[in-house]
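>>> Quick check, what structure comes out for this input:
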Amino acid sequence: MGKANPSMIEIFKTNVTERRQANSLIESIHNTFADHKANFDLHDIDNILRVECVTGTIKSASMVEFIKDCGYKAEVLPG
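Take a look at the predicted model:
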């Protein structure tokens, strides 16, 4: 039996507050990082962005910089 490749998940606190902003940023992440899946929880006080990489590791600093380049702020939540 083959061993499943575990995916990596990183959680970011963001300043994204509107669904249209979230959808636009998710689309940009998916277009730029083909092996990443992203979603938002805008009901959370920290406006959580959850990013999963299905093929390896997430380079958190690169993701924070990418989000900054898109006009938003993000920081990794410890945990």
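>>> Identify the residues contacting the residue positioned nearest the centre of the chain.
Nearest to the mean C-alpha position of the chain, by C-alpha atoms, centre = their mean, lies residue 51 at 3.4 Å. With contacts defined as C-beta atoms under 8 Å, 6 or more residues apart in numbering, residue 51 is in contact with 9, 10, 11, 12, 29, 36, 37, 38, 58, 63. C-beta coordinates here come from the backbone N, C-alpha and C atoms, glycine included.
>>> That one sits in which helix or strand?
Element membership of residue 51 [criterion: DSSP states H and E] is strand 48-53.
>>> quick one: buried residues of stretch 44-51?
Residues of stretch 44-51 classed as buried: 47, 48, 49, 51 (neighbour count, 16 or more other C-beta atoms under 10 Å).
>>> what's the answer for stretch 11-19, then?
11, 12, 13, 14, 16.
>>> Quick check: mean pLDDT of that stretch?
Stretch 11-19 shows a mean pLDDT of 98.
>>> and if you look at stretch 49-58?
On average, stretch 49-58 scores 91.
>>> residues touching residue 49, list them.
11, 12, 14, 16, 22, 25, 38, 39, 40, 67, 74.
>>> try residue 50
Per C-beta under 8 Å, 6+ apart, neighbours of residue 50: 9, 10, 11, 12, 38, 39, 40, 41.
>>> Just give the strands next to the one helix or strand the fifth one maps to in its sheet, each with its orientation.
Spelled out, that is residue 38. Residue 38 is part of strand 36-41, with elements assigned from DSSP H and E. Strand 36-41 pairs in its sheet with strand 48-53 (antiparallel), by DSSP bridges.
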